[in-house]
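Undergrad: Structure for this input, please:
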Amino acid sequence: MTDKTRNTLLPQNYRFFLHTIKKRIHESRIRSYHAVNKELIDLYWNIGKEIAERQEQEGWGKAVVERLSHDLREEFAGTSGFSTPNLWFMRQIYLEYKELPNLLQLVREIPWGQNITIITKIKDVQEREYYLRMTAKMGWSRNILLQQIKAEAYSRHKKAIKQHNFATTLPAALAEQADEAMKDVYALDFLGITKPVIERELERRMVNQIRDVLLEFGHGFAFIGNQYSLKAGDEQYFIDLLFYHRRLRCLVAVELKTGKFKPEYAGKMNFYLNILNDFVREENENPSIGIILCGDKNRMEVEYALKGIDKPVGVAEYTLTRKLPSDLADKLPKPEELEKQIMQELKSAED
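TA: Sure, this is the predicted structure:
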């Protein structure tokens, strides 16, 4: 019997039934994973607590922890979680979070590897909370978390004053999610652009390095295509980049502008979103969102340009490098010179 014959014998609603069962299985696996992860974190927390308390009460030293690691690995052969460094991490996480119950709750929601990354690379409590919360919410892998830390995501988030009209054009819950999905500034330094380029070249570079672009845009974005064709009557139009956001369940149109933001860009994006909603959007999807990505913007100009726009549109900037310009770098002291100068000043202060 061929696949085609088998398909004709299936009930009409079988595919929907299959989709429902698959969804339940995936959700069950996710719940099971989270339950196991919380149990593991609780175990590690209690081991770290015991080690810290024994050290304080009985003077346990390095040798005892090393012996504990050896005995545990011998008893639980094939388990990598009881190495000496890992036992020290258990102790460190207990000591760092024992007075911070709100952070401890987040610690229990993410994998152990991501916890180690955050505690070893981030010292500020508020910054730790940001990365813990985003990892739990966005499901960041260890590699993506590292990339977000290197890209200084927290600093950019803290400084961000996002400009969009989501609150007036989307339902409240969706508007909040859309705000979280959008950034005020996108760091595109990985494109390797060191001199001004036209918009089509910027687009070409982004498409060629779409994996890095998706990581910078954030969790949930899926790339559909560039120069995406739209038709309205006999006319044809093209969107620079079109994405789909899985969490928001909507299309996201991105227009690239290498120069300064102009008010007419908002009207053009509103026009594109109307066509997307009428001819491309599926019935079960939320309204499409537009992001205008430009090299520079005047905040007041953006604010007035978005007034009266009835589709959700955000305006953000992008940066092509975080390195200092060569003419400025040459005027700054080298690290070793700066260190020498500081030491001389400290010595003078002591005298």
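
Undergrad: CA only for contacts and neighbour counts going forward, please
TA: Fine.

Undergrad: Point to the helix or strand of the chain where mean pLDDT is at its lowest.
TA: The least trusted helix or strand in the chain, going by mean pLDDT, DSSP states H and E, turns out to be helix 326-329, with a mean of 44.

Undergrad: so who does the nearest residue to residue 294 once chain neighbours are set aside touch?
TA: Leaving aside its sequence neighbours, residue 294 sits nearest to residue 257 (C-alpha to C-alpha, 6 or more residues apart in numbering; 4.5 Å). Residue 257 is in contact with 199, 292, 293, 294, 295, counting by C-alpha atoms under 8 Å, 6 or more residues apart in numbering.

Undergrad: Contacts only, for the spatially most central residue of the chain.
TA: In the chain, the centroid-proximal residue (C-alpha atoms, centre = their mean) is residue 218; its distance is 3.9 Å. Contacts for residue 218 (C-alpha under 8 Å, 6+ apart) come out as residue 181.

Undergrad: Over to it: give its phi and psi.
TA: phi 120, psi 170 (degrees, to the nearest 10).

Undergrad: Quick check: the gap between it and residue 190.
TA: 15 Å (C-alpha to C-alpha, to the nearest Å).

Undergrad: Also residue 145?
TA: As judged by C-alpha to C-alpha, residue 145 and residue 190 stand 17 Å apart.

Undergrad: So for those two, which sits in the more crowded spot?
TA: Counted by other C-alpha atoms under 10 Å, residue 145 and residue 190 do not tie: residue 145 has more neighbours, with 21 against 14.

Undergrad: what secondary structure does that one sit in?
TA: When classified by DSSP: H, G, I helix; E, B strand; the rest coil, residue 145 comes out as helix.

Undergrad: start the count at 502, not 1, going forward
TA: That works, and once the first residue is 502, the last one we named lands at residue 646.

Undergrad: Pull the residues that contact stretch 559-576.
TA: 552, 555, 556, 580, 581, 583, 584, 585, 588.

Undergrad: Quick check: which element contains the last one?
TA: Element membership for residue 588, per DSSP states H and E: helix 585-598.

Undergrad: Just the C-alpha atoms of that helix, please, in CSV.
TA: The C-alpha trace of helix 585-598 is given here as CSV (Å, rounded to 0.1, in the frame of the first residue of the first chain):
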residue,chain,number,x,y,z
THR,A,585,36.3,18.7,42.3
PRO,A,586,35.7,22.0,40.4
ASN,A,587,32.0,21.2,40.3
LEU,A,588,31.9,20.7,44.1
TRP,A,589,33.5,24.1,44.5
PHE,A,590,30.9,25.6,42.2
MET,A,591,28.2,24.1,44.3
ARG,A,592,29.7,25.8,47.4
GLN,A,593,30.1,29.1,45.5
ILE,A,594,26.5,29.1,44.3
TYR,A,595,25.2,28.4,47.8
LEU,A,596,27.3,31.2,49.3
GLU,A,597,26.5,33.7,46.5
TYR,A,598,22.7,33.1,46.5
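
Undergrad: same for it, what does it pack against?
TA: helix 515-559, helix 563-576 (3 or more C-alpha pairs under 8 Å, 6 or more residues apart in numbering; DSSP states H and E).

Undergrad: Now mean pLDDT too, for these, in TSV please.
TA: As requested, the helices and strands packed on helix 585-598 are exported to TSV (pLDDT from 0 to 100):
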stretch	mean pLDDT
helix 515-559	85
helix 563-576	89
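
Undergrad: Of all those, which one is nearest residue 592?
TA: Residue 592 lies closest, by C-alpha to C-alpha, to one member of the helices and strands packed on helix 585-598: helix 515-559, at 3.7 Å.

Undergrad: so how far is the closest one off the chain centroid?
TA: 22 Å (C-alpha atoms, centre = their mean, to the nearest Å).

Undergrad: repeat for stretch 676-696
TA: Worked out by C-alpha atoms, centre = their mean, stretch 676-696 lies 10 Å from the chain centre.

Undergrad: Need the distance between the two termini of that stretch.
TA: Across stretch 676-696, first to last residue, C-alpha to C-alpha, it's 36 Å.

Undergrad: That stretch: which residues count as buried?
TA: By 16 or more other C-alpha atoms under 10 Å, the buried positions in stretch 676-696 come out as 676, 679, 680, 682, 683, 684, 685, 686, 687, 688, 689, 692.

Undergrad: where exactly do the strands run in the stretch 602-751 of the chain?
TA: 664-665, 686-688, 722-733, 736-746, 751-761 (DSSP state E, counting those that start in this stretch).
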